[in-house]
Every structure is written in C-alpha cells, then in structure tokens.
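Trainee: Sequence and predicted structure, then a few things I'm wondering about:
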Amino acid sequence: MASLGGETQKLHDEKTVKEKELLVLQENVDQTKSELDIAQSELDLCQSSHQKEEAKMNETKKNLQATICIIKERKAEVISLQEQIPRTEKELDNFQKELAHVDQLEATITSELRERRLKVEEHKTSMNMLCNKNAVLNALMLQKQNGTIPGVVGRLGDLGGIDNKYDVAISNACGALENIVVDTIDTAQSCLEFLKKHDIGRATFIALDKMQHWVQYINKKPVTPENSPRLFDLIKFKNDEVQPAFYFALRDTLVAKDLTQGQRIAYGKQRWRVVTLAGAVIDVSGTMTGGGRQVRKGCMGRSAQSDHTEVTHEQLKQMEEKLEQDTVETQSLRQKKMLLEDKVEQLRIGIDDKKHTLNKNNIEMKTLSEQVVTLQVQLEGAAKRVKAATPDNEALAKLEKTVAANMEMYKKAAKKASKVEGDVQNLRAEILEITSGKMKSAEGKVDFIRKNISQVTGIITKANVSIKTAQRNMKRTEEKIVQTENEIQENVEHFQTLVKIKEEVEEKAEKCVKDKYYVEQKKS
C-alpha cells in the first residue's frame with residue numbers, strides 16, 4: 001500500500017492542487033451564473049409587462065379596425081337599400097297599375113263573354129225550336145227573312161220572357177203561346193194562303209191591328225185578392241207592340257202559390273181566373289184544369305226571342321267563332337293576371353325584406369358606432385398603460401449590457417473551470433489506472449460530496465434569484481393594483497353611460513316599430 005502511495009503521491013498532490021483550483025473556479029462559475037440569472041430575470045421582468053400591455057393594445061386596435069370595417073360595409077348596404085327600395089316601390093306601383101287594368105279588363109271581357117254565351121245559347125235554342133218543333137213557324141220566318149211576308153212578328157211565346165219560377169204557370173195558363181203574331185189581318189191571310197199552297201201545316205194567327213182595343217186594360221191594374229200578381233205583369237217584353245197580344249191571351253189571370261190559395265182567390269167575392277205555380281188552372285166558370293204525370297213547361301224562355309229567330313246559321317257560326325276567340329283571350333288575361341299577382345306579391349315581400357334589413361342595419365350601425373367610441377376610449381387607456389409600462393431606454397440598455405457582461409464572465413469562468421476539470425479527470429484516470437480500481441470507493445465518495453456541494457450551491461443561487469424577483473414582482477403588483485382600481489372606476493362610469501344609451505336606443509326602436517305598425521295599418 002505504501003509503495004502504491006509512493007507511486008501515486010505525486011499524482012495525488014497534483015490532483016489536490018487542481019481540485020482546489022477547480023473548487024475556486026467552480027465557485028466563480030456559480031457566482032457568475034447567479035449574477036447572470038438575476039440580470040436576465042430583471043431584464044425579462046422589465047420587458048414582460050410592456051409586452052403584455054402592448055399585446056392588449058394591439059388586440060383593442062384590431063377590434064376597433066374590424067368594427068370600423070363592419071360599419072363601412074353596413075353603410076354601403078344602407079346606401080344600396082335606400083336606392084333599391086324606391087326603385088322597387090316604383091316597379092311595384094307599375095305592376096299594381098297594370099294588374100288593376102288587367103283585372104278590370106278581365107272582369108269586363110268575362111261579363112261580355114257571359115252575355116255572348118247566353119245569347120249564342122238562346123240563338124241555338126231558338127233555331128232548334130224553329131227547326132225541330134215547329135216547321136210552320138220555321139217556314140214563315142224564312143219567308144220573313146226573304147222579304148216575301150215581312151209582317152210576320154213571330155211565335156207569341158218567343159216575344160216575351162218570364163222568370164223560371166213562373167215557367168210552369170204560364171205554359172199551362174196561356175194556350176196561345178204557340179200562336180203566331182203578325183202585324184195585320186192581311187199578313188195573316190197571306191200566311192194562310194202560303195201554308196195551304198205548300199201544304200206545310202196549320203197555324204193560328206194573332207193580328208196586332210185587331211188587338212188595339214186591349215191597350216186600355218194593360219196599364220189598368222186591378223186590386224187583386226191577397227195582392228196576387230197578374231201573370232201578364234210578370235212578363236218582360238222586348239217590344240211593347242206585342243203587349244196587346246199577350247193581354248188578349250192572358251187577360252187578368254192571377255198567380256197563386258198553391259191550389260189552396262188559388263181556390264181562395266178564384267172563388268171570392270169576385271171571380272178570377274187563377275193559375276198556381278204547379279200549373280193548375282181555375283177558370284172563371286169554376287172549372288179546374290191540372291194533374292197528370294207530365295207537367296207542361298218550357299213554352300216561354302227567360303227573355304224575348306223575337307230578334308234571335310232572325311239569326312241565320314252563318315251568323316250563328318260567326319258568333320260562336322267570336323265566342324271562342326273571346327274565351328281564349330279571357331284565358332290569356334287570367335294567366336297574365338296570375339303572373340302579375342305573383343310578381344306583385346314577390347315585390348311586396350322583397351320590399352318588406354329590404355326595409356327590415358335597412359332598419360336592422362341602421363340599428364346595428366348605431367350600436368357599432370357606440371362600440372367604436374368605447375373601443376377608442378379603451379385604446380387610449382391601453383396606450384397610456386403601454387407608455388407607463390415602457391421601460392426606460394437607459395435602464396433597459398444598462399440591463400442588457402449587464403446581462404451581456406455577465407454572460408461573457410460566465411462563459412470565461414466556465415471555460416477555465418472546464419479546462420481544470422479536464423485536468424483533474426485526466427489525473428484521476430492516471431491514478432485509477434495505477435491503483436487498478438483500489439481507490440474507486442474513496443473516489444466515489446469524494447465525487448458524491450462534490451456533487452452535493454454543487455447542488456446546494458445551485459439551490460442557494462436560485463433562492464437568491466427568486467428573492468430578488470419576488471421583491472420586484474411585489475412592487476410591480478402593488479402598482480398594478482392601484483392602476484386596476486382606477487380602471488375599474490373608469491369602467492363603472494363608462495358602463496353606466498352605456499346603459500343610458502342602451503335605454504334610449506330601445507325606446508327609439510320601440511317607437512319605430514309602433515310607427516311602422518301604425519303606417520302599415522293605415523295603408524291596409
């Protein structure tokens with residue numbers, strides 16, 4: 001062991017000297033590292049407050065710019081809507097006028113079409129009656145159209161009209177409805193000779209020149225039992241010249257609702273000729289006619305047919321063609337009306353939507369404008385806080401210079417310590433090689449102690465740094481508390497102002513809604 005000690009004594013002595021030197025150098029490294037950490041911590045603390053306030057200010061500035069951008073967009077939309085709404089309202093007014101014109105035109109044409117259709121149907125009915133039911137009348141009317149016998153007026157039942165309610169009554173009470181009315185007795189004679197010559201048939205004629213003595217009774221309306229109407233007064237005449245012929249055929253025949261009323265009227269103090277709505281006839285003599293399974297009706301139309309009988313087949317065809325054209329035109333107008341109604345409805349909805357959007361944009365612009373004011377106030381406060389938190393350039397430069405100097409000192413100390421530590425490691429390797437590991441246990445203990453010393457030294461350094469940092473943070477925190485209390489007071493005052501503005505806006509908005517509802521009610 002003594003020989004081993006002699007062999008390694010020189011190396012141990014040299015290693016001891018190097019280790020003492022390394023210990024001094026390591027203390028210097030720890031000291032410079034501690035000073036570097038403290039300087040760096042002070043620099044970071046000085047810069048962090050300014051950076052945070054600057055970040056808040058930039059965020060406020062970004063929100064302000066975004067709000068201003070939205071206001072510009074809404075303003076552009078408002079200008080566009082203010083141009084579109086009057087233009088659309090004018091377009092709506094034009095379409096409404098066109099719709100009113102088309103609606104009126106369609107109603108007029110529809111009414112005329114209805115009348116033409118009735119006339120065509122009446123002409124067709126009259127012509128069918130002439131052709132199918134009365135060959136004698138047909139032949140005589142053709143003679144009238146040809147000018148051979150111009151005095152033929154027509155079948156008595158075709159020369160007047162009556163409501164459908166009294167159709168059965170007049171068809172049963174007036175047997176002369178099938179008689180043919182002519183202007184004079186000479187015309188009647190000519191008709192008889194024509195029928196006899198051509199062996200067409202027989203007919204009974206009523207000559208108007210022989211009926212004039214009945215004129216005095218036409219307008220002399222008698223007082224009737226139970227205010228029952230005369231059947232004669234219910235007839236509508238297209239030509240008053242034929243009234244005497246109808247009075248001749250009906251006289252003062254009265255109309256009763258039913259047989260019970262008819263009997264009361266007919267057999268009163270004064271005898272009357274009476275017909276019921278069901279067609280039962282009670283004569284002045286007391287005889288009663290009626291019954292049977294088939295009821296006689298349809299001998300007189302709802303309107304006079306005298307003019308219709310003069311319509312030719314060619315004229316009827318032209319009327320039907322015109323009717324078809326009018327029907328097509330009416331359908332076209334109805335289609336156009338539907339399209340106009342859809343367009344008007346679309347424009348109304350579009351105008352309502354545009355007005356709603358315009359109102360919403362105006363309210364939003366007002367709210368955003370108030371928000372801009374708030375953000376500008378916040379931005380001013382943020383700028384003040386940034387300015388207050390901005391470190392002194394001279395102090396900042398001094399801190400940066402201190403950090404750089406400490407960094408340089410730390411690097412130099414670490415470099416020297418690293419070189420000496422390398423020498424110690426080399427000496428340890430030599431000794432270890434000589435002692436073949438016999439001193440490893442002692443060496444391990446030394447290394448463990450050295451490592452513990454290094455760790456404790458680092459902990460002490462960090463604790464010193466933390467103490468200084470905590471002291472500086474406490475000072476800044478106290479300043480921040482005072483600043484925050486001032487900001488809270490400012491925000492409370494600003495909030496109260498915004499509450500008042502909000503209440504005013506809500507009152508105005510509610511008034512606008514009420515005014516809009518009143519205007520819409522007034523329009524409707």
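Mentor: Ah, there it is. These numbers come from a predicted model, not from an experiment. Numbers count the residues shown, from 1 in each chain.

Trainee: Please, where are all the helices along the protein?
Mentor: 2-128, 135-146, 167-173, 185-198, 215-218, 243-250, 259-266, 313-389, 393-435, 440-523 (DSSP state H).

Trainee: Reformat the ones you listed as JSON lines; add distance to Val274 and mean pLDDT.
Mentor: For the C-beta atoms, the positions are set from N, CA and C on the backbone; glycine is no exception. Listed next are the helices of the chain as JSON lines, based on distance: least, Cβ to Cβ, whole Å; pLDDT from 0 to 100:
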{"stretch": "helix 2-128", "distance to Val274": "30", "mean pLDDT": "81"}
{"stretch": "helix 135-146", "distance to Val274": "30", "mean pLDDT": "88"}
{"stretch": "helix 167-173", "distance to Val274": "9", "mean pLDDT": "92"}
{"stretch": "helix 185-198", "distance to Val274": "31", "mean pLDDT": "94"}
{"stretch": "helix 215-218", "distance to Val274": "18", "mean pLDDT": "90"}
{"stretch": "helix 243-250", "distance to Val274": "12", "mean pLDDT": "94"}
{"stretch": "helix 259-266", "distance to Val274": "4", "mean pLDDT": "92"}
{"stretch": "helix 313-389", "distance to Val274": "40", "mean pLDDT": "87"}
{"stretch": "helix 393-435", "distance to Val274": "129", "mean pLDDT": "77"}
{"stretch": "helix 440-523", "distance to Val274": "60", "mean pLDDT": "78"}
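
Trainee: I'd like those helices laid out as JSON lines, including mean neighbour count and distance to Gly160.
Mentor: Output for the helices of the chain, formatted as JSON lines (neighbours: other Cβ atoms under 10 Å; distance: least, Cβ to Cβ, whole Å):
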{"stretch": "helix 2-128", "mean neighbour count": "15", "distance to Gly160": "13"}
{"stretch": "helix 135-146", "mean neighbour count": "17", "distance to Gly160": "16"}
{"stretch": "helix 167-173", "mean neighbour count": "22", "distance to Gly160": "9"}
{"stretch": "helix 185-198", "mean neighbour count": "15", "distance to Gly160": "20"}
{"stretch": "helix 215-218", "mean neighbour count": "13", "distance to Gly160": "13"}
{"stretch": "helix 243-250", "mean neighbour count": "22", "distance to Gly160": "6"}
{"stretch": "helix 259-266", "mean neighbour count": "18", "distance to Gly160": "23"}
{"stretch": "helix 313-389", "mean neighbour count": "15", "distance to Gly160": "22"}
{"stretch": "helix 393-435", "mean neighbour count": "15", "distance to Gly160": "121"}
{"stretch": "helix 440-523", "mean neighbour count": "12", "distance to Gly160": "52"}
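
Trainee: out of these, nearest to Arg155?
Mentor: Nearest to Arg155, of all the helices of the chain, is helix 135-146, at 5.4 Å by Cβ to Cβ.

Trainee: could you give the angle of that closest one to helix 2-128?
Mentor: Calculated by axes from the mean of the first three to the mean of the last three Cα atoms, to 10 degrees, helix 135-146 forms an angle of 90 degrees with helix 2-128.

Trainee: any idea which residue sits dead centre in the chain?
Mentor: By Cα atoms, centre = their mean, the mean C-alpha position of the chain lies nearest to Ile349, the distance being 5.1 Å.

Trainee: Look up how far Thr88 lies from it.
Mentor: Taking Cβ to Cβ, to the nearest Å as the measure, Ile349 falls 11 Å from Thr88.

Trainee: got it, and Lys52?
Mentor: According to Cβ to Cβ, Lys52 and Thr88 sit 53 Å apart.

Trainee: and if you look at Arg74?
Mentor: 20 Å.

Trainee: Keeping just the C-alphas, turn stretch 365-383 into CSV.
Mentor: The C-alpha coordinates for stretch 365-383 follow below in CSV (Å, rounded to 0.1, in the frame of the first residue of the first chain):
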residue,chain,number,x,y,z
MET,A,365,-74.6,50.9,-37.2
LYS,A,366,-75.7,53.0,-34.2
THR,A,367,-74.7,50.2,-31.8
LEU,A,368,-71.4,49.7,-33.6
SER,A,369,-70.7,53.5,-33.6
GLU,A,370,-71.2,53.5,-29.8
GLN,A,371,-68.9,50.5,-29.7
VAL,A,372,-66.3,52.4,-31.7
VAL,A,373,-66.4,55.2,-29.1
THR,A,374,-65.9,52.6,-26.3
LEU,A,375,-63.0,51.0,-28.1
GLN,A,376,-61.4,54.3,-28.8
VAL,A,377,-61.6,55.1,-25.1
GLN,A,378,-60.2,51.7,-24.3
LEU,A,379,-57.4,52.2,-26.9
GLU,A,380,-56.4,55.5,-25.3
GLY,A,381,-56.3,53.8,-21.9
ALA,A,382,-54.3,50.9,-23.3
ALA,A,383,-51.8,53.3,-25.0
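
Trainee: Contacts made by it with the rest, please.
Mentor: Stretch 365-383 is contacted from outside by 53, 56-57, 60-61, 63-64, 67-68, 70-71, 74-75, 78, 487, 490, 494, 498, 501, 505, using Cβ atoms under 8 Å, 6 or more residues apart in numbering.

Trainee: Any idea how far it is from the middle of the chain?
Mentor: Centroid separation between stretch 365-383 and its chain, computed with Cα atoms, centre = their mean, to the nearest Å, is 36 Å.
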